[in-house]
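# turn this into a model:
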Amino acid sequence: MLSLFKIKSNHTFQNPMRKEIDQTTQGKKSDYAHAVGGVNQILDRGNIGISSRSQASVIDNVKKVETGERSEVNAHQREALNFGRDAFESAKKGQYKQASVEAFGSTVNALASGFKSLYTETPLEQRGITPH
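Okay, the predicted model is just below:
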């Protein structure tokens, strides 16, 4: 479902920070990486920037989710907090378009975290052990 965000396989990134995020998502298998890749491309096409803190966090999350070091739930929680912080900072600077996109990103990540936590099997469930 989330991989449908990928608009064009041959998109040329304008923002170097978004290009680096895209390169990190290439070849990754997780739903999280696919969602990040697609949304990142949409935001690049809309000329929407990203803070260096959030860029580093997204890249870290993509890598750690892929290796199993971090859950997708936790990755989305981290992004909800980071994008919320960015929205606040952008609004303080009078950058309301940027702030609204960041606030939307915070909300989407919070919702994704909730969805993933409800519909992702626990390690025990993945081994066939169901709660009683």
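
# now residue 115: how far from residue 109?
In this view, residue 115 and residue 109 are 10 Å apart by Cβ to Cβ, to the nearest Å. Glycine gets a C-beta too; all of them are placed from N, C-alpha and C.

# out of these two, which sits in the busier spot?
The neighbour comparison of residue 115 against residue 109 (other Cβ atoms under 10 Å) goes to residue 109, with 22 against 13.

# residue 80 is in contact with that one, correct?
Yes. In this structure residue 109 lies within contact range of residue 80 using Cβ atoms under 8 Å: 4.0 Å.

# which residue ranges of the protein form helices?
16-25, 31-45, 52-67, 72-92, 96-119, 123-126 (DSSP state H).

# send me the third one as CSV with only the CA atoms.
The C-alpha coordinates for helix 52-67 follow below in CSV (Å, rounded to 0.1, in the frame of the first residue of the first chain):
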residue,chain,number,x,y,z
SER,A,52,19.2,18.8,8.7
ARG,A,53,18.1,17.3,12.1
SER,A,54,15.0,15.7,10.5
GLN,A,55,17.0,14.5,7.4
ALA,A,56,19.5,12.8,9.7
SER,A,57,16.7,11.2,11.7
VAL,A,58,14.9,9.9,8.7
ILE,A,59,18.1,8.4,7.3
ASP,A,60,18.9,6.8,10.7
ASN,A,61,15.3,5.4,10.9
VAL,A,62,15.4,3.9,7.4
LYS,A,63,18.7,2.2,8.1
LYS,A,64,17.7,0.9,11.6
VAL,A,65,14.2,-0.3,10.5
GLU,A,66,15.8,-2.2,7.7
THR,A,67,18.2,-4.0,10.0
